[in-house]
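Visitor: take this sequence and fold it.
(one chain, ligands or ions: 3)
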Amino acid sequence: MKTITLLGATGSIGQQTLAVIRAHPDQFVIHALAFGRNVELARQFIYEFQPEKVVVQDKETKQKLTAWVSGTKILVGLPGLIEVCTDEAVDLVVNAIIGRIGLEPTLQAIKANKTLAIANKETLVTAGHLVMDAVAKHQVNLLPVDSEHSAIFQCLQGENEQTVKKLIITASGGSFRARTRAQLADVSIEDALQHPNWSMGAKITIDSASMMNKGLEVIEAHWLFGLDYDKIDVILHKESVIHSMVEFQDRSVIAQLGNADMRIPIQYALSYPTRIPLNDADSLDLVSLSQLNFEKMDLERFPCLAMAIEAGKSGGSLPTVLNAANEQAVAMFLNNELSFLGIEDVIEYALARHVKITNPDLETILAIDEETRLIVRDQIKR
Ligand SMILES: NC(=O)C1=CN([C@@H]2O[C@H](COP(=O)(O)OP(=O)(O)OC[C@H]3O[C@@H](n4cnc5c(N)ncnc54)[C@H](OP(=O)(O)O)[C@@H]3O)[C@@H](O)[C@H]2O)C=CC1
Ligand SMILES: CC(=O)[C@@H](O)[C@H](O)COP(=O)(O)O
Ligand SMILES: [Mn+2]
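Guide: Ligands and ions are numbered 1, 2, ... in the order given. Below you'll find the predicted structure:
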């Protein structure tokens, strides 16, 4: 039995994680659930999973929840997240929170020697070196949940990582893959939220439309698999059936395929190192699909991907700036304060004015993150 703390329980990944746990009550039990402000949904999950502890984003949310909950301790904010990630009883932390807020809980969970299933890619982008240093020091398992990274991780099982020639990350192209750049000028929030293959939270869906998601994933892959950027390729694959591939030195290529169902990588991270059945799911039907398509990635069409690769290669504090500027810009786009193409403009602006700091510590990263968000807000409101 694995005892689990789940951060981001009310989100897209969080709910699918609970579906996996619900289907395997003999293997997984919830210790704590953390969420932001969605009290309605959280109440149902607290009732069903009876966690010992719940963490909410702020005091107002705690007040709303208090009347509904008995026998569960309600904690608030970052101290609460850290407490439930480090509790003695916990074996596995699933970090499915959105954004940079996931960084400190991640670091604390690793320091407490917990196995970590990580969906929260912003954490690895903003401070991958700190996370991987902590993983190496504490010798914990850091298990990818992101579909591409789970695919690569699965392809690497039983392999010697020294024999890897390159990773090939697939990209669906997102909501606007059929549009030219000129056709992106007036796109609406609703259009941007229509991902062709996956049902996901709003922020990652916008990242996918701008191709920043793939940029974040390249940086995430660099840290998770310890490979130089020139060994990480991205190709367009509109069906999202091959979730990613590994080419080995002998030119053999291993791919992981499956339907676009995040329960597959989530469950693999939870059950690792074994596989368990995924019930209520369809098998991949290649005959119905009949063909799979691949295209070269056009970095001029998708400048966010180009900026992310450059920031990753340059390293230091630049990925922190990239991530913070993107989080702020996407939030403002979703709030109707910025156009879709404005997202890439403000990220470019934030990166250009930043003076890189090599090997930033946690305090420096948090300060740069805050400062970058301010700069982006000021720039947009001007
Ligand atoms: N969705 C997907 O299929 C995939 C997602 N990912 C990654 O997984 C992560 C989660 O994505 P997704 O599930 O789509 O996101 P969602 O927006 O659907 O969910 C985010 C979750 O985080 C919670 N949250 C937000 N802010 C805070 C906070 N300050 N304190 C505590 N909890 C907070 C939300 O709570 P509430 O809603 O209650 O406010 C919600 O539970 C992201 O990093 C994303 O890039 C990676 C691959 C696929
Ligand atoms: C499900 C998942 O892992 C997402 O990150 C997905 O990959 C988004 O798809 P694209 O970014 O390829 O559009
Ligand atoms: Mn992904």
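
Visitor: which residue ranges form the strands in the stretch 151-300 of the chain?
Guide: Assigned by DSSP state E, counting those that start in this stretch, the stretch 151-300 of the chain shows strands spanning 164-171, 232-236, 242-248, 253-257, 295-296.

Visitor: got these as CSV, with mean pLDDT columns?
Guide: Below are these laid out as CSV (pLDDT from 0 to 100):
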stretch, mean pLDDT
strand 164-171, 98
strand 232-236, 98
strand 242-248, 98
strand 253-257, 98
strand 295-296, 97
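
Visitor: okay, residue 271: pLDDT?
Guide: We have a pLDDT of 98 for residue 271.

Visitor: which residues touch the residue of the stretch 101-250 of the chain found nearest ligand 1?
Guide: At 2.5 Å from ligand 1, residue 201 is the closest residue in the stretch 101-250 of the chain, using CB to the nearest ligand atom. C-beta here means a position set from N, CA and C on the backbone, and glycine is covered the same way. Shown in contact with residue 201 (CB atoms under 8 Å, 6 or more residues apart in numbering): 11-13, 98.

Visitor: take those residues and keep only those in helices.
Guide: If you go by DSSP state H, the contacts of residue 201 have 12-13 in helices.

Visitor: which bits of the chain sit near ligand 2?
Guide: 146-148, 171-172, 174, 198, 204, 208, 213-214, 262 (CB under 6 Å from any ligand atom).

Visitor: so which of those is the closest to residue 49?
Guide: For the residues of the chain next to ligand 2, the closest approach to residue 49 (CB to CB) belongs to residue 262, at 19.0 Å.

Visitor: so what's the nearest residue to the closest one once chain neighbours are set aside scoring on pLDDT?
Guide: Nearest-residue entry for residue 262: residue 16, 5.1 Å, with adjacent residues in sequence omitted and distances by CB to CB, 6 or more residues apart in numbering. If you check residue 16, the pLDDT there is 98.

Visitor: if we can go back for a sec, for the strands of the stretch 151-300 of the chain, give me TSV that also has distance to residue 72 and mean neighbour count.
Guide: Formatted as TSV, the strands of the stretch 151-300 of the chain follow (distance: least, CB to CB, whole Å; neighbours: other CB atoms under 10 Å):
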stretch	distance to residue 72	mean neighbour count
strand 164-171	40	22
strand 232-236	43	19
strand 242-248	36	21
strand 253-257	38	16
strand 295-296	50	10
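
Visitor: out of these, which gets nearest to residue 115?
Guide: Nearest to residue 115 among the strands of the stretch 151-300 of the chain is strand 253-257 (21.0 Å), distances taken as CB to CB.

Visitor: tell me the helices and strands packed up against the closest one.
Guide: When contacts are defined as 3 or more CB pairs under 8 Å, 6 or more residues apart in numbering; DSSP states H and E, strand 253-257 sits against helix 147-155, strand 242-248.

Visitor: how far off strand 242-248 does that strand point, in degrees?
Guide: Angle of strand 253-257 versus strand 242-248, following axes from the mean of the first three to the mean of the last three CA atoms, to 10 degrees, is 160 degrees.

Visitor: since we're on residue 289, how many residues are nearby?
Guide: For residue 289, the tally of surrounding residues (other CB atoms under 10 Å) stands at 11.

Visitor: likewise for residue 287?
Guide: Based on other CB under 10 Å, the number of other residues close to residue 287 is 5.

Visitor: same question for residue 35.
Guide: 25.

Visitor: then the one 5 residues further on?
Guide: With neighbours defined by other CB under 10 Å, the count for residue 40 comes to 10.

Visitor: okay, and it sits in which element?
Guide: helix 39-49 (DSSP states H and E).

Visitor: now, of the residues of the chain next to ligand 2, which are buried?
Guide: Buried members of the residues of the chain next to ligand 2, scored by 16 or more other CB atoms under 10 Å, are 146-148, 171-172, 174, 198, 204, 208, 213-214, 262.

Visitor: export those to JSON lines and tack on distance to ligand 1?
Guide: Formatted as JSON lines, those follow (distance: CB to the nearest ligand atom, whole Å):
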{"residue": "146", "distance to ligand 1": "4"}
{"residue": "147", "distance to ligand 1": "6"}
{"residue": "148", "distance to ligand 1": "8"}
{"residue": "171", "distance to ligand 1": "13"}
{"residue": "172", "distance to ligand 1": "12"}
{"residue": "174", "distance to ligand 1": "13"}
{"residue": "198", "distance to ligand 1": "6"}
{"residue": "204", "distance to ligand 1": "4"}
{"residue": "208", "distance to ligand 1": "9"}
{"residue": "213", "distance to ligand 1": "7"}
{"residue": "214", "distance to ligand 1": "12"}
{"residue": "262", "distance to ligand 1": "5"}
